[in-house]
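J.: got a predicted structure plus its sequence, pasted below:
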Amino acid sequence: MVEVSKVAENIYMIDDQLYSIPKYGSVYLINEEKKVLIDSGPTTSANSVLNGIKAVGVRPEDIDYIIVTHIHLDHAGGVGVLLRDMPQAQVVVHYKGAKHLVNPAKLISSMIADQGEEVMIRYGEVVPIESGRVQAIYDGDTIKLSDRQVLKFIDAPGHASHELCIYESRNNGIFAGDAAGVFIPEDEILLPSPNRDPEVCVNTLRRLMELNATTVYFSHFGTSNKVQQILQLAIDKLQVWNEIVDKAIKDNMFESASERMVAQTCAELEPVRKMKPLYAHMINHLVPLSASFHIKYYQRKA
């Protein structure tokens, strides 16, 4: 059964059952005069997303925009399939990612290079999107959904060069994509995402803090009203990892750095053991991948 919750005025969170794991992937429906889906999830989540939209009382064919925070397949892989049920929807994406939605071959090969061939089983088919339905967005662009709801786009590199965060005016909230990390709302645990550039990621987080928003909507997973604290915590987490890596560089012991980062973060996840599928994915996949990306960045820089 699809899980849908109202998280702000006219904003609904749909658990897209990412990788068949509850409480790991969030997509959001903004129900204004113009209707928006924030992120699509992968194709394997398409039925959950469509059922969630219907549960709110909105017809998929009335969706005006699918906005993807970035083009990674857990966020945008299902767009092409969803468009079959959303004939009038335009796809809004960072200008650096637009061409990869039209021709996803490089995007798919990049995901396989990072995570192995088996990763595509989790994502499912990636359907190319007609170029005429793709709208490239730049920093500062806006889309008006109603008199009280205007979306403003924020260039948010760090996790990916093609990441957008989205400020929504009605509730003073930010859709953070993966820019602020992975959140577990039940225990208020925050983990770093696999970031391509951790230093740029910190700059993005500081820019988001300047917005003084009152709600942050995570793609993984849920929401928080402790926005300043959460964003500062995300910065602190990255800086702790930086300190571990700095010591490893001095000692020429990158292997031990990875072990320390994973061990420290996994210890923080003890309260999540009760959520067995989520805990297993984080311990076995997310945390090692995030640590690996962090270390690779500093190895290249060194």
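T.: That came through fine.
J.: which residues of the stretch 201-302 of the chain fall in helices?
T.: Counting by DSSP state H, counting those that start in this stretch, the segments of the stretch 201-302 of the chain that form helices are 227-251, 254-268, 276-281, 287-301.
J.: who are the packing partners of the shortest one?
T.: Using 3 or more Cβ pairs under 8 Å, 6 or more residues apart in numbering; DSSP states H and E as the contact definition, helix 276-281 packs against no other helix or strand. Any C-beta I mention is one placed from the backbone N, CA and C, and that applies to glycine too.
J.: can you point out the buried residues in it?
T.: Across helix 276-281, burial judged by 16 or more other Cβ atoms under 10 Å covers 278-279, 281.
J.: now swap in stretch 89-107 and tell me
T.: Buried residues in stretch 89-107, counted by 16+ other Cβ under 10 Å: 89-94, 96-101, 104, 107.
J.: try stretch 122-133
T.: Of the residues in stretch 122-133, 122-124, 126-127, 129, 133 count as buried by neighbour count, 16+ other Cβ under 10 Å.
J.: again, but for stretch 282-300
T.: Here stretch 282-300 shows 282-283, 286-288, 290-291, 293-295, 297-298 as buried, counting by 16+ other Cβ under 10 Å.
J.: contact partners of stretch 268-276?
T.: With contact meaning Cβ atoms under 8 Å, 6 or more residues apart in numbering, stretch 268-276 is reached by 22-23, 184, 186-187, 189, 191, 278-279, 282-283, 287.
J.: re the thing from before, distance to Thr214 and pLDDT added to the buried residues of helix 276-281, as JSON lines?
T.: As requested, the buried residues of helix 276-281 are exported to JSON lines (distance: Cβ to Cβ, whole Å; pLDDT from 0 to 100):
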{"residue": "Leu278", "distance to Thr214": "27", "pLDDT": "97"}
{"residue": "Tyr279", "distance to Thr214": "30", "pLDDT": "97"}
{"residue": "His281", "distance to Thr214": "30", "pLDDT": "96"}
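J.: can you give me the strands for the stretch 101-250 of the chain?
T.: 134-137, 142-144, 150-155, 164-168, 173-177, 182-184, 189-191, 215-218, 222-224 (DSSP state E, counting those that start in this stretch).
J.: need the winner for burial among these.
T.: Comparing the strands of the stretch 101-250 of the chain by mean neighbour count (mean count of other Cβ atoms under 10 Å), strand 173-177 ranks first with a mean of 27.
J.: that strand pairs with which strands, and in what direction?
T.: strand 164-168 (antiparallel), strand 215-218 (parallel) (DSSP bridges).
J.: same list, the ones you listed, but as TSV with mean pLDDT and distance to Ser146 please.
T.: Shown next, in TSV, are the strands paired with strand 173-177 (pLDDT from 0 to 100; distance: least, Cβ to Cβ, whole Å):
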stretch	mean pLDDT	distance to Ser146
strand 164-168	98	11
strand 215-218	98	18
